[in-house]
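S.K.: Provided below are the primary sequence and the corresponding predicted coordinates.
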Amino acid sequence: MLRGSNVLLCVTGSIAAYKSSFIIRLLVKAGANVQVIMTQASKEFVTPLTLGTLSKNPVLTDFVKNSDAGVWNNHVDLGLWADFILVAPATANTIAKMAHGEADSFLLATYLSAKCPVYVAPAMDLDMYQHASTKDNLFLLEERGNIIIKPKYGELASGLVGEGRLAEPEEILAFLELSLAAGKPLVGKKILVTAGPTHESIDPVRFIGNRSSGKMGFAIAEAIAEQGGEPILIAGPTSLESSAEIKRINVESANEMLAECKNVFSDVDAVIMAAAVADFTPIQKQIQKIKKADSKMSIALKPTEDILLYLGNHKKEQVLVGFAMETENGLENAKKKLKSKNLAFIVYNSLNEKGAGFQHDTNKIVIIDQHNKITNFELKSKQEVANDIIDELIKYF
Ligand code: CTP
């Protein structure tokens, strides 16, 4: 949900300001672009060097960037750039100023300019938090659509115990994820996605593989997360990276992929089988490296179990989606696989289309559903193709 989003983290002068470094690390790990704004007071608690290094962006505090050259920091542009603002920790002072439209700092001017959602995570002593004016100010902010991430009960810097501790960084991240996902079509849906090739071991140094890069399946898993769903990515050997929010299980062989799919199948709402699973595996996996010989050499193979066929035969409510990778009689073969594997729909891609299939960053697909409705798509980036497939899947929920 946070991947690729622009986050303006506003840090104010509280002892809890040190926690902003952990918040930044979690945001960056989740794939967000983070720009930090600090108030002067917050610099007494944590250094701009720490937050600038962790966020990979110079920290902003002042309106003027270089007074000799007449260069200013544009709070209006920054407000427009942000997908959301997070004020954490938010002191009673900053909350009061936000509630009353004051703009005597760069942080406040940016807040007033921004049109995006604003999250406010208060941190203060318990009596300050309980004070009627703080309560009124928070109420005003909430009434205007700002979202309050409530402080926690616990030991405070004053030594008192009560409500006022900044929510823990992990709690703030979980809150953001949930809040950003609200209203998305795949919220609450767990979806198994397989991706990449499988490697069938011949001996300790050799294997039978295929040309799949895994890019299509990985793009599908990311698209599911963007729509609020929970992807479980079972990936064959690939160098691709997936974002932190995606649960990923790495496997080598068709047999391992089958075992992992069986493990999670009863727990998921849908399966998208984008992996190029090997159809054959060596009967004997040699423990020692096979030595070179002058005579001819052959490797005896046996079929692997068809994972999708197994899932199709054992499915309950799950929506099953398969791929058909064809070089001839594509549509006919794809329709046969749709029926024999008991799928909701199948994504057919022809290897004969320019720019489509393995290794490419683009793909050209045809979706065929159980009623034989055929939808042709243009050649698109694999991210856009993933969105088309997810749009089709959403219709089944
Ligand atoms: N598939 C699978 N397990 C296998 C082989 C394939 O789950 N052992 C899945 C693929 O992930 C894909 C679909 O079945 O979603 C069709 O795969 P494809 O390679 O196009 O066809 P196959 O069924 O293997 O048949 P053929 O190789 O004869 O075309």
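M.R.: Nice, I can see it.

S.K.: name the nearest residue to the closest residue to the ligand within the stretch 51-200 of the chain, ignoring sequence neighbours.
M.R.: At 6.3 Å from the ligand, Thr194 is the closest residue in the stretch 51-200 of the chain, using Cβ to the nearest ligand atom. C-betas here are computed from N, CA, C, even on glycine. Excluding the flanking residues, the one nearest Thr194 by Cβ to Cβ, 6 or more residues apart in numbering is Ala275, at 3.7 Å.

S.K.: now the helices for the stretch 201-350 of the chain?
M.R.: 215-226, 254-265, 307-314, 330-340 (DSSP state H, counting those that start in this stretch).

S.K.: in TSV, list those along with mean neighbour count, distance to the ligand and mean pLDDT.
M.R.: Below are the helices of the stretch 201-350 of the chain laid out as TSV (neighbours: other Cβ atoms under 10 Å; distance: least, Cβ to the nearest ligand atom, whole Å; pLDDT from 0 to 100):
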stretch	mean neighbour count	distance to the ligand	mean pLDDT
helix 215-226	26	9	96
helix 254-265	18	5	98
helix 307-314	18	3	98
helix 330-340	16	5	95
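
S.K.: those helices into a markdown table, with extra columns for distance to Asn93?
M.R.: Output for the helices of the stretch 201-350 of the chain, formatted as a markdown table (distance: least, Cβ to Cβ, whole Å):
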| stretch | distance to Asn93 |
| --- | --- |
| helix 215-226 | 37 |
| helix 254-265 | 49 |
| helix 307-314 | 58 |
| helix 330-340 | 63 |
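
S.K.: which one of the ones you listed lies closest to Gly357?
M.R.: helix 215-226 (9.0 Å; Cβ to Cβ).

S.K.: hang on, isn't the residue nearest to Thr194 packed against Met216?
M.R.: No - Ala275 is not in contact with Met216 according to Cβ atoms under 8 Å; the separation is 9.5 Å.

S.K.: please enumerate the shared neighbours of the two.
M.R.: Residues touching both Ala275 and Met216 (Cβ atoms under 8 Å, 6 or more residues apart in numbering) are Ala195.

S.K.: get me the contact residues on the stretch 251-397 of the chain for the ligand.
M.R.: 254, 273, 275, 277, 279, 304, 306-308, 322-325, 337 (Cβ under 6 Å from any ligand atom).

S.K.: how about a cut-off of 5 Å?
M.R.: Met273, Ala275, Val277, Asp279, Thr304, Asp306, Ile307, Leu308, Gly322, Phe323, Ala324, Met325 (Cβ under 5 Å from any ligand atom).

S.K.: which secondary structure elements does the helix or strand encompassing Thr194 contact?
M.R.: According to DSSP states H and E, Thr194 maps onto strand 190-195. For strand 190-195, the packing partners by 3 or more Cβ pairs under 8 Å, 6 or more residues apart in numbering; DSSP states H and E come out as helix 215-226, strand 230-235, helix 254-265, strand 270-273.

S.K.: which one of those lies closest to Ile389?
M.R.: Of all the helices and strands packed on strand 190-195, helix 215-226 comes closest under Cβ to Cβ, at 6.1 Å.
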